[in-house]
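In: Next come a sequence and a model predicted from it.
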Number of protein chains: 2
Amino acid sequence: MKYELYYWPSIQGRGEFIRLALEDAGADYADVARRPRGMKTMFTQMKRNHVFAPPFLRAGGVVIAQTAMILHYLGPRLGLAPKSEAQRLWLHQQQLTISDWLVEVHDTHHPIASGLYYEDQKPESRRRAADFRTNRLPKFLGYFERLQRTKTVTYVDLSLFQMIEGLRYAFPGTMRGMERKYPKLIRLHDRLAQRPRLAAYLGSERRIPFNQQGIFRHYEELDA
Amino acid sequence: MKYELYYWPSIQGRGEFIRLALEDAGADYADVARRPRGMKTMFTQMKRNHVFAPPFLRAGGVVIAQTAMILHYLGPRLGLAPKSEAQRLWLHQQQLTISDWLVEVHDTHHPIASGLYYEDQKPESRRRAADFRTNRLPKFLGYFERLQRTKTVTYVDLSLFQMIEGLRYAFPGTMRGMERKYPKLIRLHDRLAQRPRLAAYLGSERRIPFNQQGIFRHYEELDA
């Protein structure tokens, strides 16, 4: 087993961005917390390696946390990033912006406290989600739309695929009204969906379905 | 001029984490947006280089955005990070956790929308700040306390110095009641404050004072 991924076993969450890269590359990996007694192993490794929060990756004696940093490490090893330092930094910069975007998605249903239930912060969620749909979502989509050009597939592309998937699940009405403004991103999404290993993964039981415990959640009152 | 830093000219904000590293290292740099017509230059460079948001750095033809990535790049060049890849990644991982922490500080006074005034989201801020003080702040402080051991000074240490400074400004009552639980972090802060170049910077006009437009803001009703 070359790579060990550690992440919460019942949601896509941040771990999914790593899974997509590993799966699309056909990498040999274990999704440790989904195996028997895997959660116990995860907590032991977290503590031992001073990991603040999952996901984290073990690979040849190294332990790496923070989604964007894991992808920065994996990218060239999986053939999903160029090897030059300047190009790797540019990809990492984009991935960090996706991380920022994802926090804002999460906070549409948890604007007050991640430790509380959505039901305990519904009015605040409504306000935050309205701002997200109107101001933040077009800003991020527009930014990545402008960066699109046909090129070799990278882990950033796979993460953008996941963002589109997640946003369609969480905000179907909003996305229906908005997608035509971002044709290059949608073409990227559709093109990636046809990659054989990615398609096989998406159709398998390894792909956890979107659900109401993850980062992308569908609450009708938060959609347009 | 070896380095050009681009950041909003009237706040410490995220740019301050870069400034502290440059200043402590005695680096030759320009704080571009604070010079005459600097804001215009900043917007031109942002657009040309596909920068999502300040801060960003220009250095020898390379343009780098995202605070943690700028520090990852600068660290070994300024003598504020080891040169080995494994150790650099470990520092970067810590810095990314500080970035996450900083977002949570910001959101104590802007839980609904960064585009609205604090005054438009006061009740929500009260709730979010209470959760931050009770749950999140001890989690982050405790994490970094456990990581402390005497060692060479890195850019992560300078960022932790800035976190302590900022938290004392924003949440003086909370910090007074809490600091004794994190003696190693406080010792680190005090030790760094005595470094000659850092002390000179902090006493200079280059150090923008904390204010109510930055990330760290003091609202009595959000403190304990």
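Out: Thanks, I have it.
In: How about the residues of chain A by chain B?
Out: For chain A, the contact set with chain B under CB under 8 Å from any CB of the partner chain comprises A:50, A:52, A:62, A:64-66, A:68-69, A:73, A:86, A:89, A:92-93, A:96-97, A:100, A:103, A:107, A:111-113, A:115-116, A:121, A:124, A:127-128, A:131, A:135, A:143, A:146-147. From N, CA and C alone the C-beta is placed, and that goes for glycine too.
In: List only those of those residues flagged as buried.
Out: Neighbour counting by 16 or more other CB atoms under 10 Å in any protein chain shown classes A:52, A:64-66, A:68-69, A:73, A:89, A:92-93, A:96-97, A:100, A:103, A:107, A:111-113, A:121, A:124, A:127-128, A:131, A:143, A:147 among the residues of chain A next to chain B as buried.
In: and residue A:148, what does it touch?
Out: A:184, A:185, A:188 (CB atoms under 8 Å, 6 or more residues apart in numbering or on different chains).
In: what's the spacing between it and residue B:110?
Out: Distance, residue A:148 to residue B:110, using CB to CB, to the nearest Å: 30 Å.
In: mind listing the helices for chain A?
Out: A:15-24, A:38-48, A:67-77, A:85-109, A:122-131, A:137-147, A:155-170, A:172-178, A:183-193, A:196-202 (DSSP state H).
In: I'd like those as CSV, with mean pLDDT appended.
Out: Formatted as CSV, the helices of chain A follow (pLDDT from 0 to 100):
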stretch, mean pLDDT
helix A:15-24, 98
helix A:38-48, 97
helix A:67-77, 97
helix A:85-109, 97
helix A:122-131, 98
helix A:137-147, 98
helix A:155-170, 98
helix A:172-178, 98
helix A:183-193, 98
helix A:196-202, 98
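In: Tell me which of these sits nearest to residue B:157.
Out: Evaluated over the helices of chain A, closeness to residue B:157 peaks at helix A:67-77, with 19.2 Å, by CB to CB.
In: ok, residue A:185 to residue A:65 distance?
Out: Taking CB to CB, one finds residue A:185 at 28 Å from residue A:65.
In: same check, this time on residue A:211
Out: 24 Å.
In: List the contacts of the closest residue to residue A:169 other than its chain neighbours.
Out: Leaving out its chain neighbours, the residue that sits closest to residue A:169 by CB to CB, 6 or more residues apart in numbering or on different chains is residue A:210, at 4.3 Å. Shown in contact with residue A:210 (CB under 8 Å, 6+ apart): A:12, A:165, A:166, A:169, A:170, A:216, A:217, A:218.
In: Ok, residue A:208 next?
Out: A:10, A:11, A:12, A:16.
In: make it 7 Å
Out: The contact partners of residue A:208, taken as CB atoms under 7 Å, 6 or more residues apart in numbering or on different chains, are A:10, A:11, A:12.
In: May I have stretch A:120-130 as CSV, with CA atoms only?
Out: What follows is stretch A:120-130, C-alpha atoms only, in CSV (Å, rounded to 0.1, in the frame of the first residue of the first chain):
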residue,chain,number,x,y,z
ASP,A,120,-29.4,26.0,15.8
GLN,A,121,-28.3,28.6,13.2
LYS,A,122,-31.0,28.7,10.6
PRO,A,123,-31.7,32.5,10.4
GLU,A,124,-28.0,33.3,10.2
SER,A,125,-27.5,30.6,7.6
ARG,A,126,-30.2,32.2,5.4
ARG,A,127,-28.4,35.5,5.5
ARG,A,128,-25.0,34.1,4.9
ALA,A,129,-26.2,31.8,2.1
ALA,A,130,-27.9,34.7,0.3
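In: got a list of contacts for it?
Out: Stretch A:120-130 has contacts (CB under 7 Å, 6+ apart) with A:107-112, A:118, A:221-222, B:111-113, B:124.
In: quick one: which of those residues is nearest to residue A:139?
Out: Set against residue A:139, the nearest of these by CB to CB is residue B:113 (12.1 Å).
In: And the closest one, how far from residue A:159?
Out: Residue B:113 sits 25 Å away from residue A:159, going by CB to CB.
In: for residue A:188, same thing?
Out: Applying CB to CB, the value for residue A:188 to residue A:159 is 11 Å.
In: which of those two has more neighbours?
Out: Of the pair residue A:188 and residue A:159, residue A:159 is the one with more neighbours under other CB atoms under 10 Å in any protein chain shown, namely 25 against 21.
In: So that one is in contact with residue A:98, correct?
Out: Yes. With contact defined as CB atoms under 7 Å, residue A:159 reaches residue A:98; the gap is 5.1 Å.
In: With adjacent residues omitted, what lies nearest to residue A:25?
Out: Once flanking residues are discounted, residue A:25 sits nearest to residue A:78: 3.7 Å by CB to CB, 6+ apart.
In: residues in contact with the one you found?
Out: Residue A:78 is in contact with A:21, A:25, A:27, counting by CB under 7 Å, 6+ apart.
In: now residue A:224
Out: By CB under 7 Å, 6+ apart, residue A:224 lies in contact with A:133, A:173, A:174, A:177.
In: Need the outlier residue of chain A, farthest from its centre.
Out: Using CA atoms, centre = their mean, the residue of chain A lying farthest from its centre is residue A:123. It sits 26.4 Å away.
In: my guess is residue A:133 meets residue A:174, correct?
Out: Yes. Residue A:133 is within contact range of residue A:174, at 5.0 Å (criterion: CB under 7 Å).
In: The closest residue in space to residue A:106 that isn't next to it in sequence and chain B, how far apart?
Out: Distance criterion CB to CB, 6+ apart; nearest residue to residue A:106, sequence neighbours excluded, is residue A:215 at 4.8 Å. For residue A:215, the distance to chain B (CB to the nearest CB, to the nearest Å) stands at 14 Å.
In: check contacts around residue A:215.
Out: Contact analysis of residue A:215 by CB under 7 Å, 6+ apart lists A:13, A:102, A:105, A:106.
In: switch to 10 Å and redo it
Out: A:11-14, A:16, A:102-103, A:105-110, A:166, A:170 (CB atoms under 10 Å, 6 or more residues apart in numbering or on different chains).
In: For residue B:98, see how far away it is.
Out: If you measure residue A:215 against residue B:98 using CB to CB, the figure is 21 Å.
In: Equivalent analysis for residue A:218, please.
Out: Residue A:218 is 32 Å from residue B:98, by CB to CB.
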